[in-house]
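Novice: Provided below are the primary sequence and the corresponding predicted coordinates.
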Amino acid sequence: MRGDHRAHSTDTATGPPEPHSAGPRSPAEVREAVREALDNARRSRGPGATPDATAVGDVLLVASELTTNAMLHGGGVTAFEVIPGEREVRLSVSDRSEEVPRPVRDAGGPGSVRIGGHGWPIICRLARDIMISYLRAGGKRITAVVPLSPR
């Protein structure tokens with residue numbers, strides 16, 4: 001996943017999600033799991049390992065948007081994983097759809113307000129790397145790497 005910014009992959013991922021896995025029930029549940037993982041990582045690294053508050057907010061926002069998109073457009077979340085690193089957090093969300101996210105084009109004129117369609121651009125803006133993998137059992141996994149230091 002290192003290398004080009006926002007690298008997209010069509011490789012088949014090796015670990016298909018459990019077919020009956022409900023995954024997280026809400027973006028709030030995902031945010032809580034991310035907070036817990038970051039707290040555990042901070043405790044294991046000792047004092048001075050607290051990430052920048054803005055960066056933590058970015059991680060929580062990306063986790064929420066990935067989850068919301070899977071729920072709204074991907075047939076539901078089938079798996080979620082958060083892996084905090086020293087300088088970044090890797091978030092993976094799997095869903096039932098094989099459709100790749102794409103930005104929504106603005107159909108309105110100047111001054112129009114568009115409802116929805118903001119999640120994927122937010123993810124692309126805040127994540128350093130993004131990889132999309134198709135799962136053997138069907139569906140896809142989107143993995144986003146979000147830095148833990150200010151941009």
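Specialist: Sure, I can see it.
Novice: Quick one: neighbours of R42, just the number.
Specialist: Using other CB atoms under 10 Å, R42 has 15 other residues around it. In short, each C-beta sits where N, CA and C put it, glycine included.
Novice: E36 is in contact with that one, correct?
Specialist: No - assessed by CB atoms under 8 Å, R42 is found out of contact with E36, at 10.8 Å.
Novice: Checking N40 next. Helix, strand or coil?
Specialist: helix (DSSP: H, G, I helix; E, B strand; the rest coil).
Novice: Which strand residues bridge the closest residue to it other than its chain neighbours?
Specialist: The shortest distance from N40 to any non-neighbouring residue, by CB to CB, 6 or more residues apart in numbering, is to P84 (7.8 Å). Beta-bridge pairing of P84 under DSSP bridges involves V89.
Novice: ok, now how distant is P84 from A127?
Specialist: 15 Å (CB to CB, to the nearest Å).
Novice: Have a look at those two and say which one is more surrounded.
Specialist: In this view P84 and A127 are compared by other CB under 10 Å, and A127 has more residues nearby, 26 against 21.
Novice: How many residues are close by the closest residue to the more buried one other than its chain neighbours?
Specialist: Spatial nearest neighbour of A127, chain neighbours left out: A144 (3.9 Å); criterion: CB to CB, 6+ apart. Neighbour count of A144, defined by other CB under 10 Å: 26.
Novice: Tell me the pLDDT of A144.
Specialist: Looking at A144, its pLDDT reads 98.
Novice: Which neighbours in the sheet does the helix or strand where it lies have, and how are they oriented?
Specialist: With secondary structure defined by DSSP states H and E, A144 is part of strand 140-147. Partners of strand 140-147 in the sheet, by DSSP bridges, are strand 88-95 (antiparallel), strand 129-135 (antiparallel).
Novice: most packed of those strands?
Specialist: strand 88-95 (a mean of 24; mean count of other CB atoms under 10 Å).
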